[in-house]
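Novice: Provided below for reference: sequence and predicted model.
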Amino acid sequence: MNYYYLHDLTPAAPSEYLLYNSSVKVFKRIDLKKVSSEFEIDPYIVELLNPTFVKDIIPASEDDEYVLTLPEKHIYEYIDKYNSYDNLVYNPLINFKYPEISELPIAESESHTDHALAVLNPLKKKSRLSTKQDNLNSDSFANLFKYRKSVSLDGSKFYKLKRKESLKDVAIAHQIPLESLLAVNQVSATSGIAPGSIILLP
């Protein structure tokens, strides 16, 4: 997500952490100050990206949905550490609403060697997903982005399966060979895929 783009801002010297950040839906109580300290993030950045929470606390909730937003390089670290604890949901649905964001160039921070990826932020409200619905046998949806980069699929697009839609239906609708669709998403012809899954379109 591009913070400046979403808020219609044009800073003279944009911060990489506001240009490139992503979110996860969380369900456990989270202390933003602790997150800032644990992952060595400027508290001001964390507060700016999560302005709606009183006293820097995201409350626990099983009924409602709360979103934690962090700089892109730190969201992967957070997911890797806490996904099993909080059953996090990472879903780049904003790609369909703001496709221009995915065209942003990759930037490099002066103080970090890691490149920040322009990965998108889940803003639309949707039902809670279990990690069992992940079609890539991974603990978090972040692995889908890593997989896309590792196999040179930067030009690919994400697509959300409809409730009664199969991969065969998608292949026909988008004129993609079914074998290619199965291979790109690491799905076998017999295992199938859960309704509502996010897949890659080559």
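Specialist: Perfect, I can see it now. Numbering: from 1, shown residues only.

Novice: outline the domain layout of the protein.
Specialist: With domains defined by automatic domain parsing, the chain comprises 3-129, 151-202.

Novice: next, count neighbours for residue 35.
Specialist: 20 (other Cβ atoms under 10 Å). Just so you know, the C-beta spots here come from the backbone N, C-alpha and C atoms, and that holds for glycine as well.

Novice: the one 3 residues further on now?
Specialist: Residues lying near residue 38 (other Cβ under 10 Å) number 13.

Novice: quick check: it vs residue 31, distance?
Specialist: 9 Å (Cβ to Cβ, to the nearest Å).

Novice: now residue 48
Specialist: Where residue 31 is concerned, residue 48 sits at a distance of 17 Å (Cβ to Cβ).

Novice: cool, residue 171 as well?
Specialist: 46 Å.

Novice: of those two, who's got more company?
Specialist: residue 171 (17 against 13).

Novice: still on that earlier bit, weakest of the domains of the chain by average pLDDT?
Specialist: Mean pLDDT is lowest for domain 3-129 among those, at a mean of 64.

Novice: residue ranges of the helices in the protein, please?
Specialist: Ranges of helices within the chain are 3-6, 16-19, 32-38, 43-49, 72-86, 94-97, 142-150, 167-173, 178-184, based on DSSP state H.

Novice: for the third one, give me every contacting residue.
Specialist: Right, the one you point to is helix 32-38. 41-43, 46-47, 50, 53, 56-58, 68, 70, 78 (Cβ atoms under 8 Å, 6 or more residues apart in numbering).

Novice: what sits against the closest residue to residue 26 other than its chain neighbours?
Specialist: Among residues not flanking residue 26 along the chain, residue 68 sits closest, at 5.0 Å (Cβ to Cβ, 6 or more residues apart in numbering). Contacts for residue 68 were tallied using Cβ under 8 Å, 6+ apart; they are 23, 24, 25, 26, 30, 35, 50, 58, 78.
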